[in-house]
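Asker: Quick one, fold the following:
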Amino acid sequence: ILWVSRHQLNNEQLADLFRIYGDVEIVNFQDTVKSAKQLVEVGEDCEVFAVVLPPALLADLININQKPVIRSVMERVPTGTMIANPVTGKEEMEMAMHFVAWEQVDELRIVTHRL
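Answerer: Now for the predicted structure:
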């Protein structure tokens, strides 16, 4: 599995990948993604792409690649601790990201027009 993210997989994400795919090898790609073609080349020996990508790159990857593309579903959960927002200086609830599930992206279509 090619894991495309600046972050490492957490234990829950990894355990769920093993549940879904069995005993797999994870290849990390933490560089800036320049194109979907770059990912296809990097992941040539991988059977699955697990990615954190902006919508346009995600759509490109799905359109030029025949391998499954999955992404981690995360939810923001309050920690119960109030912290100062570094941008506004105001007190707000601290949030943590918790893994929910993996989902396969079967289709993604983006339609735009230039303004």
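Asker: what residue is smack in the middle of this protein?
Answerer: With the centre of the chain defined as its mean C-alpha position, the nearest residue by C-alpha atoms, centre = their mean is Val52, 2.5 Å away.
Asker: wouldn't that residue be in contact with Val73 here?
Answerer: No: contact criterion C-beta atoms under 8 Å: Val52 and Val73 do not qualify, at 11.4 Å. Every residue, glycine included, has its C-beta placed from N, CA and C.
Asker: mind listing the strands in the chain by residue range?
Answerer: In chain order, the chain shows strands spanning 2-4, 27-29, 49-51, 69-84, 91-104, with DSSP state E as the criterion.
Asker: Ok, which of those comes nearest Ile62?
Answerer: For Ile62, the closest of the strands of the chain is strand 69-84, at 5.5 Å, according to C-beta to C-beta.
Asker: in the closest one, what's buried?
Answerer: Taking 16 or more other C-beta atoms under 10 Å as the neighbour-count basis, strand 69-84 is seen to contain the buried residues Val69, Ile70, Arg71, Ser72.
Asker: Using PDB, write out every CA atom in that strand.
Answerer: These are the backbone C-alpha positions of strand 69-84, laid out as PDB (Å, rounded to 0.1, in the frame of the first residue of the first chain):
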ATOM      1  CA  VAL A  69      -7.700   4.500  -4.100                       C
ATOM      2  CA  ILE A  70      -8.700   4.700  -0.500                       C
ATOM      3  CA  ARG A  71      -8.700   7.500   2.100                       C
ATOM      4  CA  SER A  72      -9.000   7.700   5.800                       C
ATOM      5  CA  VAL A  73     -12.200   9.100   7.200                       C
ATOM      6  CA  MET A  74     -11.400  11.200  10.300                       C
ATOM      7  CA  GLU A  75     -13.700  13.100  12.700                       C
ATOM      8  CA  ARG A  76     -12.900  16.100  14.900                       C
ATOM      9  CA  VAL A  77     -13.600  15.300  18.600                       C
ATOM     10  CA  PRO A  78     -13.400  17.800  21.400                       C
ATOM     11  CA  THR A  79     -10.800  17.000  24.000                       C
ATOM     12  CA  GLY A  80     -12.500  18.800  26.900                       C
ATOM     13  CA  THR A  81      -9.600  21.300  27.200                       C
ATOM     14  CA  MET A  82      -9.900  25.000  26.400                       C
ATOM     15  CA  ILE A  83      -6.900  26.500  24.500                       C
ATOM     16  CA  ALA A  84      -6.000  29.900  23.100                       C
END
